[in-house]
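Asker: Structure, please.
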Amino acid sequence: MSDAVAVFGDLKAESDELDLIVRGLGEAQWARDTPAPGWTVAHQIAHLAWTDAMALLAVTDPGAFAVEAERAAGAPAAFVDEAARAGAAQPAPVLLARWRDGRERLGAALGKAPPGARFPWYGPPMSAPSLATARLMETWAHGQDIADALGVTRTPTARLRHVARIGVRARDYAHRVRGEEPPAEQFRVELTGPSGELWAYGPEEAGQYVTGPALDFCLLVTRRAHRADLAVRAKGADADHWLEIAQAFAGPPGAGRAPKGLPGRGV
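Answerer: Residues are numbered from 1 along each chain as shown. Reported below is the predicted structural model:
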């Protein structure tokens, strides 16, 4: 099975795993604060439901999605917060049903997309597998926010390879979103997967490289943990700087997490 096809099943599995965490929560747990300032567990699920709905719109009605994207362009952070706030105000069973229905319809639409088709998004247009990878990355990242809020420890899986891959591929974007010129040189990235396997990206002969556990790298590029708390290492000044700014998602980088023991700074 190709990685492009596997990501559709992996997206479903990632969402289903998060569903197991939230499906039995009581009212107080849905209202519990997560590490993202102002966002509760309900806000996190509402955000996933809304973003899935936007992805479905991009696949099924690109023109309508363009209208929504234009509305968001002026103040993207406020637009996202508003959608999360509206969703979080719904009763938990309604919100949960909405998230389940939306992700199921999105999965079906992505699976039926013609090979080679590209769909508009908030960054560059994406193929169906790339959009599924982005949705998996965000589901995993916001799932981490929820797990942290609830004190749940999640077992890393091979699905992290999708998060790692998008994090590596977003290297140049992380520079450009900050007004920086990306390095001309490609880096070597070698990560240890959950089962001890090696995930390698970039030329073997690269003079600068990054190494570490895949889980830690994924936490870094989704800005769910501070670099000081992770076992990700760099050789070379450019590679070292990249680890300070790396992000796997489109849009403003946010302040990121503070080191453990210090107040959180948001995401």
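Asker: Pull the number of nearby residues for Q90.
Answerer: For Q90, the count of nearby residues is 16 (other C-beta atoms under 10 Å). In short, each C-beta sits where N, CA and C put it, glycine included.
Asker: Just to check, it is in contact with R98?
Answerer: Yes - if you go by C-beta atoms under 8 Å, Q90 and R98 touch, sitting 7.2 Å apart.
Asker: so where is the stretch 151-267 of the chain shaky, pLDDT-wise?
Answerer: Counting by pLDDT under 70, the ranges of the stretch 151-267 of the chain that qualify are 261-267.
Asker: residue ranges of the helices in it, please?
Answerer: Assigned by DSSP state H, counting those that start in this stretch, the helices in the stretch 151-267 of the chain fall at 160-169, 171-176, 214-221, 237-245.
Asker: what's the most buried one of these?
Answerer: Stretch with highest mean neighbour count among the helices of the stretch 151-267 of the chain: helix 214-221 (a mean of 24; mean count of other C-beta atoms under 10 Å).
Asker: Go ahead and name everything in contact with that helix.
Answerer: For helix 214-221, contacts defined as C-beta atoms under 8 Å, 6 or more residues apart in numbering pick out 140, 144, 156, 160-161, 163-164, 166-167, 170, 189, 191-194, 199, 210, 225, 227, 230-232, 243, 246-248.
Asker: Kindly calculate the angle that that helix makes with helix 160-169.
Answerer: Between the axes of helix 214-221 and helix 160-169, defined by axes from the mean of the first three to the mean of the last three C-alpha atoms, to 10 degrees, the angle is 50 degrees.
Asker: Break down the stretch 51-200 of the chain into its strands, ranges please.
Answerer: Ranges of strands within the stretch 51-200 of the chain are 118-119, 126-127, 188-192, 198-201, based on DSSP state E, counting those that start in this stretch.
Asker: Quick one, which of the contacts of helix 214-221 are buried?
Answerer: Buried subset of the contacts of helix 214-221 (neighbour count, 16 or more other C-beta atoms under 10 Å): 140, 144, 160-161, 163-164, 166-167, 170, 189, 191-193, 199, 210, 225, 227, 230, 232, 243, 246-248.
Asker: ok, now which ones touch A58?
Answerer: So A58 contacts F65, F119, P120, W121, L131 (C-beta under 8 Å, 6+ apart).
Asker: Report the two of those residues separated the most.
Answerer: For the contacts of A58, the maximum inter-member distance is 11.5 Å, found between F65 and L131 (C-beta to C-beta).
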